[in-house]
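1. how would this look folded up:
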Amino acid sequence: MRPDPELTPVKARHIDHVNLRIPEGGADDAREFYGEALGFGIEDALYAAGEKPFFDVRLSATAVIHLWPTGEFEAPTKTNYDHVAVVVEESVEEIESELADAGVAVEKTLDSPLGATGEACAVYVRDPFGYRVELKARV
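-> Coordinates of the predicted model:
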C-alpha cells in the first residue's frame, strides 16, 4: 500500500544507514565478520585517525551500517532488536556456500520472507556482538 503523496510530508526513498553499538574492543571482530566473512567494504580511516567515533560497513553506494565501539554496549535481546536486512545479489545457495567457507554459522533460512522489495529467500546469521543480519536474495 502506497501512502498518499499529497498527505505525506516526507517522501522516503531508502534507508541510508543503521547505527549499531558494539563493544569497546570489538572493532577487529567487526572488521573480520563484516569485511572478511561477509565481504562488505570497511571504511575506518577517519575512525582510526580519531576523527570520528564510529566506522562504516559499506553495503552499497547508498547504504552503510555505522558501528560505534563503546563501553556502553549492551548485547541485543529479543525485546530491543531483531535484525537488519540486506539485499544481496547472490542466491541463497551461493550465500550459504560463501558463509560456510568463511566459517559463519547460518541461524536459519526462510524461503520467502516479505520485505520492502517483495518476497525472496533469505539467510540469517549473527554478528560477533549478537546482532542478527538477514542476507536477502534480490527479488
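
2. state the pLDDT value of the residue nearest to G130 when sequence neighbours are not counted.
-> Counting by C-beta to C-beta, 6 or more residues apart in numbering, G130 lies nearest to A75, which is 4.4 Å off, once chain neighbours are set aside. (Each C-beta comes from the backbone N, C-alpha and C, glycine too.) With respect to pLDDT, A75 has a value of 89.

3. so what's the residue count around A75?
-> The tally of other residues near A75 (other C-beta atoms under 10 Å) stands at 12.

4. give me the sheet partners of the least confident helix or strand in the chain by mean pLDDT and which way each runs.
-> Using mean pLDDT, DSSP states H and E, the weakest-scoring helix or strand in the chain turns out to be strand 114-115, at a mean of 80. Using DSSP bridges, the strands paired with strand 114-115 are strand 118-119 (antiparallel).

5. which other helices and strands contact the helix or strand following the strand it pairs with?
-> On the C-terminal side of strand 118-119, the closest following helix or strand by DSSP states H and E is strand 122-126. Contacts defined by 3 or more C-beta pairs under 8 Å, 6 or more residues apart in numbering; DSSP states H and E place strand 122-126 against helix 92-102, strand 108-110, strand 132-137.

6. what lies in contact with stretch 81-95?
-> 18, 20, 59, 63, 65, 98, 109, 115, 117, 120-124, 131-139 (C-beta atoms under 8 Å, 6 or more residues apart in numbering).

7. follow-up on the earlier one: surely the residue nearest to G130 touches F129?
-> Yes - in terms of C-beta atoms under 8 Å, A75 counts as a neighbour of F129; the distance is 6.5 Å.

8. and the strands in the chain?
-> Listed from the start of the chain, the chain has strands (DSSP state E) covering 17-23, 41-43, 55-60, 63-70, 84-88, 108-110, 114-115, 118-119, 122-126, 132-137.
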